[in-house]
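*Asks:* turn this into a model:
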Amino acid sequence: MSNVMKATLSALYGPTASGKTALAIELARSTGAAILNADSMQVYSDLRIVTARPSPVEEAAAEHRLYGLLSGSDPCSVARWVAMVKAEIERLRPRPVILVGGTGLYLNALHNGLSNIPEPPPQVRVAAQDRLEALGLTAFRAEVLTLDPRTPETIIDPQRLLRIWAVSQATGKALSQWQGDKQGGIGPFPIFDLAPNRANLHDRINRRFDLMLEQGALQEVADLLALELPDSLPIMRAVGVPELAAVVQDRDNLETAREKACASSRQYAKRQLTWGRNQLANAIKFREYPIDLEQVKIIKADILSVIG
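*Replies:* This next block holds a predicted model:
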């Protein structure tokens with residue numbers, strides 16, 4: 001299967017609002033490729049607007065897969081995404097496939113593989129959540145560091161801490177000990193790293209969030225909050241959710257929430273750009289370009305010269 005993957009697989013990586021969807025659709029039309037989601041938030045069904053999932057019109061323009069597939073109550077691990085992508089590539093072959101998204105960990109795991117870490121059973125995951133809620137984040141993190149002293153001190157993400165705790169409890173072995181050997185990677189495939197002009201990108205981020213509000217983002221977040229999901233779930237930390245949740249819960253006004261959400265999105269884009277610069281040394285890079293239709297055509301032609 002890996003030979004077929006290498007021959008037909010490519011990826012578009014880039015920050016949020018960098019024009020990946022439009023470019024992917026253009027490439028799919030030219031190559032007959034299917035578009036597979038490589039964005040950790042767009043895999044969930046609950047937030048089409050806030051996560052900037054492709055619209056129904058865009059999805060109709062080319063085949064899109066692994067978008068809106070899971071409920072927000074059903075977290076998608078990196079290993080689960082890799083397994084789903086491999087299954088889709090196998091099912092679709094010999095058609096070309098374009099991975100599209102800004103979750104670099106997904107692409108890295110597909111390329112290099114993952115450690116074969118046992119999945120903690122549901123009751124242990126529930127126990128981890130109960131423990132977090134009983135102790136609070138600070139004390140829970142201290143307990144995690146006791147269970148697995150090699151846990152990087154920079155980790156503060158509740159979902160990552162929950163996993164470290166659960167793996168340790170379920171297996172009797174620290175997560176860091178499991179992470180030595182990696183398996184299941186498919187090896188190199190072409191990755192196109194998009195890094196547009198920052199001023200242009202920031203303007204697009206701001207305008208896109210205004211469009212999200214016009215399309216009903218506030219109601220979408222209100223509907224999500226009505227599900228009463230744990231705050232530790234990934235979907236509850238999607239960019240824009242905490243900010244709009246504060247409006248729904250009368251803890252903030254919409255104007256201030258908009259400013260905060262746009263700032264969060266710009267910070268997220270900066271992290272994605274940094275990751276691409278540092279982790280994708282062998283990617284084919286497009287730097288400091290304006291995000292417009294003419295540039296999409298130029299980049300499309302360059303990519304087609306590589307993938308055919």
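*Asks:* show me where the stretch 51-200 of the chain has helices.
*Replies:* Residue ranges of the helices in the stretch 51-200 of the chain, as given by DSSP state H, counting those that start in this stretch, are 56-61, 78-92, 104-112, 122-135, 137-147, 158-171, 175-178, 198-215.
*Asks:* least confident of those, on average?
*Replies:* Per-stretch mean pLDDT for the helices of the stretch 51-200 of the chain is lowest at helix 175-178 (a mean of 89).
*Asks:* using CSV, write down the CA coordinates of it.
*Replies:* Listed next in CSV are the C-alpha coordinates belonging to helix 175-178 (Å, rounded to 0.1, in the frame of the first residue of the first chain):
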residue,chain,number,x,y,z
LEU,A,175,3.6,7.5,28.2
SER,A,176,7.1,8.8,27.7
GLN,A,177,8.4,5.2,27.8
TRP,A,178,6.0,4.2,25.1
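*Asks:* okay, buried residues for that helix please.
*Replies:* Leu175, Ser176, Trp178 (16 or more other Cβ atoms under 10 Å). (C-beta placed from N, C-alpha, C; glycine too.)
*Asks:* so who does the spatially most central residue of the chain touch?
*Replies:* Centroid check for the chain by Cα atoms, centre = their mean gives Ser40 as the closest residue, at 2.5 Å. The contact partners of Ser40, taken as Cβ atoms under 8 Å, 6 or more residues apart in numbering, are Cys76, Trp81, Gly101, Thr103, Leu105, Tyr106, Pro234.
*Asks:* wait, doesn't the fourth one sit right on Val43?
*Replies:* What that stands for is Thr103. No: using Cβ atoms under 8 Å as the test, Thr103 is too far from Val43 to be in contact (9.3 Å).
*Asks:* and these two? Which one has more around it.
*Replies:* Using other Cβ atoms under 10 Å as the criterion, Thr103 and Val43 rank with Val43 on top: 27 against 21.
*Asks:* may I have the phi/psi pair for the more buried one?
*Replies:* Geometry field for Val43 lists phi and psi as phi -70, psi -20, criterion degrees, to the nearest 10.
*Asks:* state the pLDDT value of the residue nearest to the centre of the chain.
*Replies:* For Ser40, the model assigns a pLDDT of 97.
*Asks:* and Ile117, by the same measure?
*Replies:* What the model reports as pLDDT for Ile117 is 85.
*Asks:* state the distance from the closest residue to Trp178 other than its chain neighbours to Pro75.
*Replies:* Spatial nearest neighbour of Trp178, excluding adjacent residues (Cβ to Cβ, 6 or more residues apart in numbering): Ile117 at 4.4 Å. Per Cβ to Cβ, to the nearest Å, Ile117 is found 15 Å from Pro75.
*Asks:* sorry, back to before: any idea how far the residue nearest to the centre of the chain is from Arg287?
*Replies:* Note on Ser40: its distance to Arg287, by Cβ to Cβ, is 24 Å.
*Asks:* quick one, what contacts the closest residue to Pro54 other than its chain neighbours?
*Replies:* Once flanking residues are discounted, Pro54 sits nearest to Thr21: 5.3 Å by Cβ to Cβ, 6+ apart. For Thr21, the contacting residues are Ala52, Pro54, Glu58, Val100, by Cβ under 8 Å, 6+ apart.
*Asks:* ok, the last one - contacts?
*Replies:* If I follow you right, that is Val100. Ala11, Leu12, Lys20, Thr21, Ala24, Ile35, Leu36, Asn37, Ala38, Asp39.
*Asks:* could you do the second one as well?
*Replies:* The contact partners of Pro54, by Cβ under 8 Å, 6+ apart, come to Thr21, Ile35, His64, Tyr67.
*Asks:* tell me the one among the residues you listed nearest to Pro122.
*Replies:* Tyr67 (25.9 Å; Cβ to Cβ).
*Asks:* how deep is the closest one tucked in, by neighbour count?
*Replies:* Here the count is done by other Cβ under 10 Å, and Tyr67 has 21 residues near it.
*Asks:* state the number of residues packed around the nearest residue to it once chain neighbours are set aside.
*Replies:* Leaving out its chain neighbours, the residue that sits closest to Tyr67 by Cβ to Cβ, 6+ apart is Asn37, at 4.8 Å. Applying other Cβ under 10 Å, we find 25 residues neighbouring Asn37.
*Asks:* now the one 4 residues further on
*Replies:* Burial measure for Met41: 25 neighbouring residues, criterion other Cβ under 10 Å.
*Asks:* which residues touch it?
*Replies:* With Cβ under 8 Å, 6+ apart, Met41 has these contacts: Leu47, Thr51, Pro234, Ile235, Ala238, Val239.
*Asks:* identify, from the residues you listed, the entry nearest to Asp252.
*Replies:* Nearest to Asp252 among those: Val239, at 15.7 Å, using Cβ to Cβ.
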